[in-house]
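Colleague: Sequence and predicted structure below; questions after.
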Amino acid sequence: AQSVTQLDSQVPVFEEAPVELRCNYSSSVSVYLFWYVQYPNQGLQLLLKYLSGSTLVKGINGFEAEFNKSQTSFHLRKPSVHISDTAEYFCAVSNTGTASKLTFGTGTRLQVTL
Amino acid sequence: NAGVTQTPKFQVLKTGQSMTLQCAQDMNHEYMSWYRQDPGMGLRLIHYSVGAGITDQGEVPNGYNVSRSTTEDFPLRLLSAAPSQTSVYFCASSSLPEVLRNQPQHFGDGTRLSIL
């Protein structure tokens, strides 16, 4: 079985400041890792994914994440946030055999203010 | 391009009532799934289907039924609604090639269900 832990339920940050949203996972097998964003009253949109290869993954809207196998982490970062980045962010994991059976973390609410 | 369409967007039920949440996709995707989203719980898989006539249980299937008579539609039925089923429900779809390439699912905008 696999699990995902998002350590922060809420992250307040000022506009143009950097942000890091933390995600740790556990699994007995190889995994794929995803970050999704959910804007109010909308479904989930993929930000970025790690399947293999380079451990630094760049996604949409200026976000990036780094896969760290030794620390079982996949933290999401953005060097300068915008008001429009205010949303709920979900980390998800799937094992390499069943990529569409995702296990989600509990989410981190990113609140960007002026 | 409508993508994944869920109806209704909002619904209030009384305990014991039954209802069907509709999900339709126009992308000819083989794989469809239902999740529920609860505060502090993330999204949890209820049921999924890899094609017409094929369904299987996810993490939290109790109290829900599904069927897949066509590729386009994957309705979720609550047989006897309970307050514990108050949640936001998301439908998602992927093509099987996308699944094999480990591409993510396409999500609908959700159905917000309250059970009194």
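Modeller: Alright, I've got the coordinates.
Colleague: residues touching the residue nearest the centre of chain A, list them.
Modeller: Nearest residue to the geometric centre of chain A (C-alpha atoms, centre = their mean): A:Trp35, 3.4 Å. When contacts are counted by C-beta atoms under 8 Å, 6 or more residues apart in numbering or on different chains, A:Trp35 touches A:21, A:23, A:46-49, A:59, A:63, A:65, A:74, A:76, A:89-92. (C-beta placed from N, C-alpha, C; glycine too.)
Colleague: Out of the residues you listed, which end up buried?
Modeller: A:21, A:23, A:46-49, A:59, A:63, A:65, A:74, A:76, A:89-92 (16 or more other C-beta atoms under 10 Å in any protein chain shown).
Colleague: now, which of those sits nearest B:Thr5?
Modeller: Set against B:Thr5, the nearest of the buried ones among the contacts of A:Trp35 by C-beta to C-beta is A:Leu46 (18.7 Å).
Colleague: where's the residue nearest to the centre of chain A relative to A:Gln111, distance?
Modeller: With distances taken as C-beta to C-beta, to the nearest Å, A:Trp35 is found 17 Å from A:Gln111.
Colleague: who's in contact with the residue nearest to the residue nearest to the centre of chain A when sequence neighbours are not counted?
Modeller: Closest residue to A:Trp35 apart from its sequence neighbours, by C-beta to C-beta, 6 or more residues apart in numbering or on different chains: A:Leu47 at 4.3 Å. Shown in contact with A:Leu47 (C-beta under 8 Å, 6+ apart): A:Phe34, A:Trp35, A:Tyr36, A:Val37, A:Gly59, A:Ile60, A:Asn61, A:Phe63, A:Leu76, A:Tyr89.
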